[in-house]
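Trainee: no sequence on this one, just coordinates:
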């Protein structure tokens, strides 16, 4: 399918300084600075990811206080991603029919209320593993809406040539706030007062929503009469577009296999830390800092590495390099070495994630982005619940290190498949980021 040109979005005049003319129409240079709207999006994302980081550490620890059964603990990861299999498509369609900023605000407010309810049961000693399952699932439903809207709104705020930088900064905020701040602080406070980090989680989601309120403008995609079809028809249009795009369809398949394999060790990571590395609960978040350091560095250097090596070569290298530390983790019970290896894997994964997201934002038409992204996420993340359960079963029948070994070897095999795919579509991918003869895409400043 030929590449489709992204259409501009109507936004409020209070936030607009549009680059409406290309080089042929105006001799003025393009402003290289990111807009004020982007930095407010960045601030909201930082607060939201701080809440995610607290939950990322506290929920597995809370589950581990209720049971040490690897299968029951792996259900936590499975349920957190199951909404992507069930609701990613309708969530993406809803995002394409709605003001994406408002979807982000309402999703974070819903998550704040949900976490407050969980915190109250922890404080009163009435929580259970089954209640935790319900809350995790509902948080996952809200995330399908929030994440679809957040990914779709970025191309409405920055120019195409700024996507790598914008995604790199957002991923850096995501990694930094989740792993450097949220996870270690959440785990440490959980060891002192179990309910306290959950109440903090609630506050951070509320702050994230309030910051997005300050972003002026209308972030509903432009729709013509032909596109204003029924909900099911619009949902189907996103599925058809993805299926008709040969590269993205195949990329979704290989990334789906990788995600399923990666979810196996992630589902039992808390048991690796507590039982294999023998780290106390209060320091679980500090061990996760290894992943945070690697992910943060990966998000920061991704644009520079891509410029130096080329987008296709960089993606190819990361596909076969990130599985190696996972294999090495299966061979050690040292907490420091394990955390370092986890960080190295996260470094390569984050570089690939930044460049892959920029690819999708460049290839998918803006008015279809939510639906196509929803279809893509269904394929990519739909296998995570299955992979997480498989990791729990494998850990229960063998041991936790075996899960890391199987995952790493499987990801390495899939990485070879990724390299072949990227080479076949090299010219198409390079063309997606070629300068447009009509000038840069419109952006909010």
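Mentor: Perfect, I can see it now. Because the structure is predicted, anything quoted here is derived from the model rather than measured.
Trainee: any idea how far residue 255 is from residue 238?
Mentor: 17 Å (C-beta to C-beta, to the nearest Å). For the C-beta atoms, the positions are set from N, CA and C on the backbone; glycine is no exception.
Trainee: same check, this time on residue 424
Mentor: To residue 238, residue 424 is 24 Å away according to C-beta to C-beta.
Trainee: how about residue 128?
Mentor: From residue 128 over to residue 238 (counting by C-beta to C-beta), the distance is 38 Å.
Trainee: equivalent analysis for residue 423, please.
Mentor: Separation of residue 423 from residue 238 (C-beta to C-beta): 28 Å.
Trainee: also residue 212?
Mentor: Residue 212 is 24 Å from residue 238, by C-beta to C-beta.
Trainee: compare those two (neighbour count), which wins?
Mentor: Legend: neighbour count by other C-beta atoms under 10 Å for residue 212 and residue 238, higher for residue 212 (27 against 23).
Trainee: any idea whether the more buried one is helix, strand or coil?
Mentor: helix (DSSP: H, G, I helix; E, B strand; the rest coil).
Trainee: what sits against it?
Mentor: Neighbouring residues of residue 212 by C-beta atoms under 8 Å, 6 or more residues apart in numbering: 40-41, 44, 101, 104-105, 108.
Trainee: return the subset of these lying in helices.
Mentor: Applying DSSP state H to the contacts of residue 212, the entries found in helices are 40-41, 44, 101, 104-105, 108.
Trainee: show me where pLDDT drops low in this protein?
Mentor: Scanning the chain for pLDDT under 70 picks out 1-32, 222-229, 282, 434-445.
Trainee: what segments of it are strands?
Mentor: Using DSSP state E, the chain contains no strands.
Trainee: tell me, what residue is most central in it?
Mentor: The centre of the chain sits closest to residue 147, judged by C-alpha atoms, centre = their mean, with a distance of 7.2 Å.
Trainee: okay, now the closest residue to it other than its chain neighbours: neighbour count?
Mentor: Closest residue to residue 147 in three dimensions, ignoring its sequence neighbours and counting by C-beta to C-beta, 6 or more residues apart in numbering: residue 377, at 7.9 Å. For residue 377, the neighbour count with other C-beta under 10 Å is 26.
Trainee: cool, and residue 122?
Mentor: 22.
Trainee: could you pull up the contacting residues of it?
Mentor: 62, 194-195, 198.
Trainee: try residue 290
Mentor: 338-343, 346.
Trainee: residue 326 and residue 399, how far apart?
Mentor: In terms of C-beta to C-beta, residue 326 sits 15 Å off from residue 399.
Trainee: these two: who's more crowded?
Mentor: residue 326 (26 against 16).
Trainee: now do the contacts for the more buried one.
Mentor: 265, 341, 345, 404-405, 407-408, 411.
Trainee: which stretches of the stretch 301-445 of the chain form helices?
Mentor: Counting by DSSP state H, counting those that start in this stretch, the stretch 301-445 of the chain has helices at residues 311-321, 323-329, 335-363, 369-381, 384-397, 400-424, 426-432.
Trainee: quick check: of the contacts of residue 212, which has the highest neighbour count?
Mentor: Going by other C-beta under 10 Å, residue 104 tops those with 29 neighbours.
Trainee: what's the neighbour count on the residue lying closest to residue 87 once chain neighbours are set aside?
Mentor: Nearest residue to residue 87, sequence neighbours excluded (C-beta to C-beta, 6+ apart): residue 144, at 4.9 Å. Neighbour count for residue 144, taken as other C-beta under 10 Å: 27.
Trainee: ok, residue 144 touching residue 81?
Mentor: No - using C-beta atoms under 8 Å, residue 144 makes no contact with residue 81, being 9.7 Å away.
Trainee: now the helices: where do they sit in the stretch 1-150 of the chain?
Mentor: Going by DSSP H, counting those that start in this stretch, the stretch 1-150 of the chain shows helices at 36-66, 70-97, 100-124, 129-157.
Trainee: so which of those is nearest residue 216?
Mentor: Counting by C-beta to C-beta, residue 216 lies closest to helix 36-66 out of the helices of the stretch 1-150 of the chain; the figure is 7.8 Å.
Trainee: show me the contacts for the residue nearest to residue 87.
Mentor: 83-84, 87-88, 91, 374, 377.
Trainee: let me have those residues in a markdown table, extended by distance to residue 388.
Mentor: As requested, the contacts of residue 144 are arranged in a markdown table below (distance: C-beta to C-beta, whole Å):
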| residue | distance to residue 388 |
| --- | --- |
| 83 | 13 |
| 84 | 12 |
| 87 | 17 |
| 88 | 16 |
| 91 | 20 |
| 374 | 21 |
| 377 | 16 |
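Trainee: now which of those would you call buried?
Mentor: Among the contacts of residue 144, the ones that count as buried by 16 or more other C-beta atoms under 10 Å are 83-84, 87-88, 91, 374, 377.
Trainee: export the contacts of residue 326 as CSV, with columns for neighbour count and distance to residue 154.
Mentor: CSV is the format used below for these (neighbours: other C-beta atoms under 10 Å; distance: C-beta to C-beta, whole Å):
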residue, neighbour count, distance to residue 154
265, 28, 30
341, 24, 31
345, 29, 26
404, 30, 33
405, 18, 37
407, 28, 30
408, 23, 32
411, 26, 27
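Trainee: among the residues you listed, which one lies nearest to residue 244?
Mentor: Distance to residue 244 across the contacts of residue 326 (C-beta to C-beta) is lowest for residue 411, with 28.2 Å.
Trainee: wait, that closest one touches residue 263, no?
Mentor: No - using C-beta under 8 Å, residue 411 is not in contact with residue 263, being 11.0 Å away.
Trainee: show the contacting residues for the nearest residue to residue 302 once chain neighbours are set aside.
Mentor: With C-beta to C-beta, 6+ apart as the criterion, residue 302 has its nearest non-adjacent residue at 3.9 Å, and that residue is residue 354. Residues near residue 354 by C-beta under 8 Å, 6+ apart: 164, 167-168, 171, 298-299, 302-303.
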